[in-house]
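J.: please work out how this folds:
(chains A and B)
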Amino acid sequence: MNTPLNSSPRPAGRKRAALAALVALLSSALLITSARPAQAAYTQIEGSGSTWSQGIVAQWISDVDANGMKIAYNGAGSSQGRKDFASNVTDFGITEIPYQGKDEFGAVDTAGNREFAYMPIVAGGTAFTYQVKVGGKPIKDLRLSGDTIAKIFTNKITNWNDAAITKDNNGRKLPSLTIVPVVRSDGSGTTAQFTAWLDKQFPSIWQPYFGKTGLTSYYPKKSGTKTISAAGSDQVMNTISGSAGNGTIGYVEYSYPVNKKYPVVKLLNKAGYFVEPTQYNVAVALTKAQINSDPSSQAYLTSILDGVYTSTDNRAYPLSSYSYMLLPTGAKDQRMTTSKRQTLADFMFYSLCEGQSKAGPYGYSPLPLNLVQAGFDQLKKLSVADPAVDFKDRDVTKCNNPTFVAGNLSKNKLAEIAPQPPACDKVGAGPCGTATGTAPTTPEAAKGADTPAGAAAPGEAPVAGAAPEAAPVIDPETGVAAPAAASTTGEAAVAVPTELASGRPGDAKVFGALAAIELIIIVLAPGVGAVYFRRRARRKLGAVS
Amino acid sequence: MSILRPREIASLLLAGLLVVLMVTGNSSSATAASTSAQVSSAADGGAFSASKTITRVVKGLDGADDQVDSRSFTLNVDHTVNLRGRERVGISWSGAHPSGARAADPYGENGLNQEYPVVIMQCRGIDNPSLPAAQQLRPETCWTTSRQQRSQATDPSLAVWMHDAKASDEDRQLKSGLRDLPAECSDAATDATHTTPFVAASGKVYAACSGSTMPPEAAVGAAFPPAELSAYSDANGSGSVNFEVRSATENESLGCSNTTPCSIVAVPIMGISCDDDDYQCRREGRFEAGSSNFANEGVVPSVSPQYWWSASNWDNRVTAPLTFGLPPDACAVLDKRAPTAFYGSELMNQASLQWAPAYCLNQKRFKFQHNRIGDDPAYVLVENGQAPAAFVSGTREIEDKTTRIGYAPTAVTGFAVGFVIDEPNNAGERTQLNLNARLIAKLLTQSYTGSSRGQQRPGIEKNPLSLNLDPEFIALNPGLDRIDREAAATVLSLSESSDVIKSLTAYLESDPEAKRFISGTPDPWGMVVNPSYKALKLPTSEFPLRDTFVPTSSLECYIQNPAPYFSQLASPVNSITKIASAVLDAWPNVQTKCDRPNAGDPFKVGRVERQGIGTRFMLGIVSLGDAERYGLRTAALQTSSNVSPSSQFTSAADRRFVAPSTESLTAAVKLAKDKGSRSAFDLTQPMLRKQPAAYPGTMVVYTTAKLRGLDKGEAKKVSEFIKIATNEGQTPGSGNGQLPDGYLPIRKTGATAALYASAQRVAKLIAEQREPAAPATPKPSKPAAAAQPPVASAPAEVAPAAAAPGSTPTDSVVATDATVATAAQSSGPAGVLLPLLIGLAVLAGLGGPVTRLVHTWRSR
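T.: Numbers count the residues shown, from 1 in each chain, chains lettered A, B, ... in the order given. As a prediction, the model looks like this:
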């Protein structure tokens, strides 16, 4: 019944034990378990980094679960993602910006000795979401120029009734309300994207505030200002959408306000239009991204976005950018094994192909095919590092992705079908009065939706009653805006312009009938009147005579 | 007598000790113990139990007797067969040495500074000397996440393993373990070094003497945390943990699979047996039993878990063999078929994960995919034709009255309040928690002040700081500590709109105590609702952050980072899965940490640290599927009370609390009433209250799709999905296509018969797509509320509660639109009257002259 658990508490001879151990070691080495199940071709991989792209990455991760791939991702911010990758804590990292060499605190920001490659995974727009209430109701169609944004986030413009904001909104003045900029407190790629744009486009505003040149991942918050900070995109969103959030404005990837049904700023582009970071406008803007196309460069596929900021396309959203994966390409990488590389390769194969098709609904923008192709070439480095990784038949040109133009690498279908912004979104026109933050999934919807139902997408319910296309009070010929309907009344009313429904189907008949009657009267009245008066005159004459 | 050397006496003693190994199945099959650690039956999951006498012998000096500490150690593992990766097994033990110096985090290297813990690890191989050496477990096949847990280099005076009574001659050398260390080890010649290499399943040997010579899966601070731990025993020497096992998928180097057996190894640390007068080796622990060591101070090496591999420690081990199930077949990544995406409810997460392979692996089926988004936006996608189907949990209004949408019951599951709470004095984890609706209401309405900063909030200064200080909570859950914590002042919840929040808030709304509290009536102890939430309209599918109070402070960091304090406490997140992992990690999402990395850096706010084991207290709203998957504990919710809402109480007497279980979900779903194919079943909180055995968090998830106007091909797929999901998809199990834990199977008969029948009916209607269009003349202005079930059937006495759900929560879109659009209101009568009147006026205008003319003509 009872058996000694361990029959040899002391080895009879220590040398023999050592020999046994050696044999054990050797034999286990020989036993390179050929019995591993075929299904276990995948091994769990781990990554950390960006919250900017976490919305779509999380969905991809749950999609590939069905393929047997287990992926753990921790949205700790891009800076942490780069750090974790460099110190071999993770198998991959996700970041919006490349390694910077040195971070703002002077600490090293490199991959150390780890061999790696950058691979773009998704595009998107850094959006400005806000809570500004007028008469208890949130404004949903705010427009701002980059200059105004820069001044807001450097505490130069501190009240929503500022003349610059009124001007951006074509004379529509907001009430007096303190502006509370909300920035990220953690090291963030979103902050880096935003400050890179500030640095390049508005150096005279940004650099004196920052105290130096260039971008930063840690937004500098000046004491004594209204600026507040929060950790992670989730918490920025909470801060803005909370009851205490009236007057706040912050920057997050477009997907966050989309999911929260929150409005975003329509940002002024160089063509003079205020545009939203829809998948279309982001795709258009990124056609101007200067992609490092030297495969021998460590910075291969990273982008210089200056051309994006200054794109003169009517549709371009200036703050568009890519999110990157840090791929461990070293053949001797200490964390990587064949099955881990296979998992990473197939996870990315799915994400770059099929996974891109859901970028739009989730508030991102799919990568154009040429970048997917280039990214996939980067991915192939995993099989160079380890020839046992299977890359057969993983053909990106045959991806199950409606946004690709089959057979034409350089075409960017989204950018081609992207609709032009409505005239009411031009400088000096409008505002359009249509709600933002809706992630349209069809060009029609993105255009401003003739059919409210078509405009709906995740995170949005149709705006009832509004017929946006017809709503703006604009002369269609000249593009000149008629004065806003309520601009002649008091200030409060200015902020909440009353938009007249452009047409009521029920009324058409009535007024049609009325018009017909009027026409009849107009046609008949002179004749009838003439006859009548002539007769009367004749009668009178007759009576006299 | 004196012929024997002390060391040999020790070994004789040991050999003479009765070593007991008893293996039992479940209580029923507790028959004979067998000769090895075999598990009785696979059917019951293979519960394991084994006992062993463990000893520490310290040589008597100057002729004194040897000091012998001997204990009977029993290890229990609740299930050991057919395990899946990341599955948690319940491990408990008794008879260990009481522990001291409890670490806040016992996992991996963080647990090393403890005294007398039980080291629990997963090792490749079986502990059976009759097996070939390659199949046996040994320290070299035991997984640790850090070098510090297996290889040590120290000043020789502290190298206690060299004095281990059972150590081999080799292990008594200055350098032992792996020889010929690689250069990375940078081993100092004067140090005493023992290296326990790790031998991977592939046979590769990792020197494990530095971070870079560890296997790839070993990384401190990775997204994938250590599972091995140094667990704490209470004053009686008992303890319990949930241990997460790893398969080859998660840990390739360890390599446990259906073909490579592994074991759980428990090494109860009672101190190294010493055969000489070495001071360090002979020491007892310096911390008292039951004490904590959150400052992570150094501990006495001879009783620390660091030397679990040292011969006398290792000999005290008890091992439970494990078997792993076949990994489920998975979809091929090269599958060219376009997926059909169903959108919606996160409640379906765990089921969707298991169901998806059952579709892709079958070429005759379509490729199913579940895109997780909020219930409301998912439904809108179906309504406007952008998605074929959506998972939602309640009837919704139809925007376009000509649309016909069917509701097919697909899963019975729900929400729970997940918790992780430690008993005081390191006595383990609280396993059962009672919550009534008023306590949840207090948490959600941010009526606990959290800290002295929150106490500045006017109107609630006198409220308890946190849940565990609330006399109501103490009455229902006696025996917990009274330490105030910010994390215990809140429950982590969703920031976005969800049917879960709607159902939860409907539960609060239907409860007289909670309702009165929110409406402003103080609780019997005088606690009042946070004024920002007073008379908050419930139910709501999105719980707002309403408190705007910014506390004042003299601290520089707070001055520079003024923020609404209560929003920082609550900090809801945008996915219910994130809540589950926060509870799993006992890492509150409270964002009140305010500091700076270095003196020159700017001050920043951020998330507080993970809670230390021993003082954890955290709650979160989780889905039942996630709770089961991650082994989270869930609170029992109050279903009935005979206590007046306004009277104080000191115990849970006269109240009934129901935890989520098959029985309580069945009791709930029995109440559901079929309301036809175009509506969810009627299962409101007022109805649930009538059945005290019913779990209030029960929710039915429906697949919704158009009954007309949907593409035929898509319609066929949705219909097929419903049929598969409600038939083979309801077989409980962990295999492909089966129903995971956390869901109540929908069956043809019994409590779920009506749901089943409805699902088949709706599946047929969806496939047919022949639902007649809406009548040309719809009934005059059918009120929206008519679509909401509660109004129709609410019992009279709960009418107020029932009326609220009827109010439409979706009016915000129109109401909050900044640009106020005038609605296209047409008046039918006016439309007719206007031309008529004009006609009349024209007639009248013409009439005068005409009559005159006629008159004049006549009079001629």
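J.: number of nearby residues for the spatially closest residue to A:S48 that is not a sequence neighbour?
T.: Excluding the flanking residues, the one nearest A:S48 by Cβ to Cβ, 6 or more residues apart in numbering or on different chains is A:N74, at 4.1 Å. Where you see a C-beta, it was placed from the backbone N, CA and C, and this is true even at glycine. A:N74: 20 surrounding residues under other Cβ atoms under 10 Å in any protein chain shown.
J.: and A:N74, what is it in contact with?
T.: A:E46, A:G47, A:S48, A:G49, B:A223 (Cβ atoms under 8 Å, 6 or more residues apart in numbering or on different chains).
J.: could you list which residues are in contact with the residue lying closest to B:S157 once chain neighbours are set aside?
T.: Leaving aside its chain neighbours, B:S157 sits nearest to B:Q280 (6.7 Å; criterion: Cβ to Cβ, 6+ apart). B:Q280 makes contact with B:S157, B:L158, B:V160, B:H163, B:V300, B:P301, B:S302 under the criterion Cβ under 8 Å, 6+ apart.
J.: just the buried subset of these, written out for PyMOL, thanks.
T.: The following PyMOL line selects those of these that are buried, judged by 16 or more other Cβ atoms under 10 Å in any protein chain shown:
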select buried, chain B and resi 158+160+163+300+301+302
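J.: how much space between B:V318 and B:H79?
T.: Here B:V318 is placed at a distance of 17 Å from B:H79 (Cβ to Cβ, to the nearest Å).
J.: which one of the two is surrounded by more residues?
T.: More crowded of B:V318 and B:H79, by other Cβ under 10 Å: B:V318, with 26 against 18.
J.: distance of that one from chain A?
T.: 7 Å (Cβ to the nearest Cβ, to the nearest Å).
J.: for chain B, which strand is longest?
T.: strand B:405-421 (DSSP state E).
J.: next helix or strand past that one?
T.: Next along the chain after strand B:405-421, taking DSSP states H and E as the criterion, comes strand B:434-435.
J.: do whichever helix or strand comes after that following strand and chain A meet at all?
T.: Proceeding N to C from strand B:434-435, the next assigned helix or strand is helix B:437-444, under DSSP H and E. No - taking Cβ under 8 Å from any Cβ of the partner chain as the criterion, helix B:437-444 and chain A are apart, separated by no less than 14.1 Å.
J.: got the contact list for helix B:437-444?
T.: Helix B:437-444 has contacts (Cβ under 8 Å, 6+ apart) with B:417, B:447-448, B:467, B:470, B:472-473, B:476, B:489-491, B:493, B:504-505, B:507-508, B:510-511, B:513-514, B:517-518, B:523, B:527, B:529, B:533, B:543, B:619, B:637-638.
J.: flag the shaky bits of the chain, pLDDT-wise.
T.: You didn't pick a chain, so chain A it is. A:1-40, A:400-410, A:447-521, A:523, A:526, A:528-529, A:531-533, A:536-545 (pLDDT under 70).
J.: hmm, no, I was thinking of chain B.
T.: Applying pLDDT under 70 to chain B flags the ranges B:1-45, B:219-224, B:328-329, B:773-860.
J.: nearest residue to the middle of it?
T.: By Cα atoms, centre = their mean, chain B has its centre lying nearest to B:A580, at 3.4 Å.
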